[in-house]
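Visitor: just the structure for this:
(one chain, ligands or ions: 1)
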Amino acid sequence: MARPRDPRAAGAQAVLTIDLHALAANWRLLAARAAPAECAAVIKADAYGIGLEPAARALAKAGCRTFFVANANEGARARETLGAKKSIRIYVLNGLLPGAPVARLYLEHGLRPVLGSPEELREWAARAPKAPFALHMDTGMNRLGAPGGDETIHAALKKSGAAPALLMSHFVASETPADPLNKRQTAAFQKLRARFPGIPASLANSSGIFLPQEPFFDLTRPGYALYGGNPTPGKKNPMLPVVKLEAPIIQLRTIEAGETAGYNAQWTAKRRTRLATIGVGYADGLPRNLMATDARAGGEAMVQGARCAFAGRVSMDLTVIDVTDVPEQSLRPGVMAQLLGADITIDDMGARARTIGYEILTGLGRRYARVYKSGRQYGAAGADV
Ligand SMILES: *Cc1c(COP(=O)(O)O)cnc(C)c1O
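Guide: Here you go, the predicted structure:
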């Protein structure tokens, strides 16, 4: 008789296991691929949902020295975790809003803003004339950064007398290697770089590291691939899975062909069907778009090694799955169903929910029991940190 694999299932709670050993291995793989360029780590949005503090610690231990976050509050958390050492560089992607308290937040925590307009440059030069910053030049995204052809940014730089510690730009479509934008942006960045001699340059995100142009420059900035996302969609994922999501079976029942399951009776059994209700729902970040109706397939879970389709709508705290093909004797309340892991990737779930794996990761809920596996404990049966 199969026993619940995690004691936390006793609380009928879903369990999110985060493998920090795999995270470190992913960073090393990306670093080796772009060497001798330095490999940074993007840990914005709570390290893509896995937890900023444990992720930052594990990455620093693996050898990462440069980190990117979205805003100064995330930067302060990263600094707190990583210590005051100047050799650990923390860049804040969203730049600098005007006002002395904002600049103070950067200076207090040794954060480097990524600046992308003459106004931001002037603000930083006035508040912190000697403190390092990055300059973001736009090469086609039209989101953040100064337009490449815009001379006002060069004039503002000259006037401030400050030199950026890093020159960067961002890809628009690096996950699609055939997109001509990749070539165009790489060439535009190459050209821009010539105007900043001796200044380290950075262009590649996760997928950028796998482009045939090898646009590594001096520093790469992966995020998604570190957390197990596939940087090469359509091809085999070179990264190790970092997150595993499991939810316990709470109830089992058998319904007859023609009966329905879930809200609004959107899914009808085509055969005599064994259903399992598992303890995870849209309040946990499981997209409601994974609902299975008579018109379309939805999400999937793995139970005792068998793939089980969702049946009906995803509820707030519960999801119903079809376990007809799982041997009856191996099913009982407390047995865990895997929603994400080695067999169901974040990319798979993203596609089934008609979104991207990035949104799946960053939407991971707060209600899970979180288990962090460190390198040392990795592989020990059931051990966690
Ligand atoms: C989020 C972000 C990254 C990381 O992108 P991934 O696709 O997750 O690797 C790199 N650079 C910038 C500017 C970003 O906003």
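Visitor: tell me the bridge partners for residue 69.
Guide: In this structure, residue 69 bridges to residue 92 when assessed by DSSP bridges.
Visitor: and the top strand by length along the chain, what's buried?
Guide: Criterion DSSP state E: the longest strand present in the chain is strand 243-255. For strand 243-255, a neighbour-count test (16 or more other Cβ atoms under 10 Å) marks 243, 244, 245, 246, 247, 248, 249, 250, 252, 255 as buried. Where you see a C-beta, it was placed from the backbone N, CA and C, and this is true even at glycine.
Visitor: run through who's touching the helix or strand following it.
Guide: Per DSSP states H and E, the first helix or strand lying C-terminal to strand 243-255 is strand 260-261. With Cβ atoms under 8 Å, 6 or more residues apart in numbering as the test, strand 260-261 has contacts from 255, 266, 267, 268, 269, 275, 311, 312, 320.
Visitor: 6 Å instead?
Guide: 267, 268, 275, 311, 312, 320 (Cβ atoms under 6 Å, 6 or more residues apart in numbering).
Visitor: tell me the strands beside that strand, with direction?
Guide: strand 267-268 (antiparallel).
Visitor: how far is the strand it pairs with from where the chain is centred?
Guide: Once both centres are worked out by Cα atoms, centre = their mean, to the nearest Å, strand 267-268 turns out to sit 34 Å from its chain's centre.
Visitor: who touches it?
Guide: 260, 261, 292, 293, 294, 311, 312.
Visitor: ok so, going back, any chance of CSV for the contacts of strand 260-261, columns distance to residue 43 and neighbour count?
Guide: Below are the contacts of strand 260-261 laid out as CSV (distance: Cβ to Cβ, whole Å; neighbours: other Cβ atoms under 10 Å):
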residue, distance to residue 43, neighbour count
267, 39, 27
268, 45, 16
275, 40, 22
311, 37, 27
312, 37, 24
320, 36, 21
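Visitor: give me the neighbour count for the residue of the stretch 1-150 of the chain found nearest the ligand.
Guide: Relative to the ligand, the nearest point of the stretch 1-150 of the chain is residue 42 (4.1 Å; Cβ to the nearest ligand atom). Residue 42 sits with 24 neighbouring residues when counted by other Cβ atoms under 10 Å.
Visitor: got the contact list for it?
Guide: Listed by Cβ under 6 Å, 6+ apart, the contact set of residue 42 reads 68, 221, 223.
Visitor: and the residue lying closest to it once chain neighbours are set aside, what's its pLDDT?
Guide: Leaving aside its chain neighbours, residue 42 sits nearest to residue 223 (3.3 Å; criterion: Cβ to Cβ, 6 or more residues apart in numbering). Listed pLDDT for residue 223 reads 98.
Visitor: ok, the closest residue to residue 50 other than its chain neighbours - how many residues close by?
Guide: Excluding its sequence neighbours, the residue lying closest to residue 50 (Cβ to Cβ, 6+ apart) is residue 18, at 5.0 Å. The tally of other residues near residue 18 (other Cβ under 10 Å) stands at 28.
Visitor: contact partners for residue 18?
Guide: Listed by Cβ under 6 Å, 6+ apart, the contact partners of residue 18 are 50, 243, 372.
Visitor: before we move on, what about residue 357?
Guide: Contacts of residue 357 by Cβ under 6 Å, 6+ apart are 229, 346, 347, 350.
Visitor: rerun at 10 Å
Guide: By Cβ atoms under 10 Å, 6 or more residues apart in numbering, the contact set of residue 357 is 48, 224, 227-230, 233, 340, 345-351.
Visitor: return the member of those residues nearest to the ligand.
Guide: Distances from the ligand to the contacts of residue 357, taken by Cβ to the nearest ligand atom, are shortest for residue 224, at 3.4 Å.
Visitor: how close does the nearest residue to the closest one once chain neighbours are set aside sit to residue 187?
Guide: Nearest residue to residue 224, sequence neighbours excluded (Cβ to Cβ, 6+ apart): residue 206, at 4.6 Å. Applying Cβ to Cβ, to the nearest Å, the value for residue 206 to residue 187 is 21 Å.
Visitor: kindly state the beta-bridge partners for the residue of the stretch 1-150 of the chain closest to the ligand.
Guide: residue 68.
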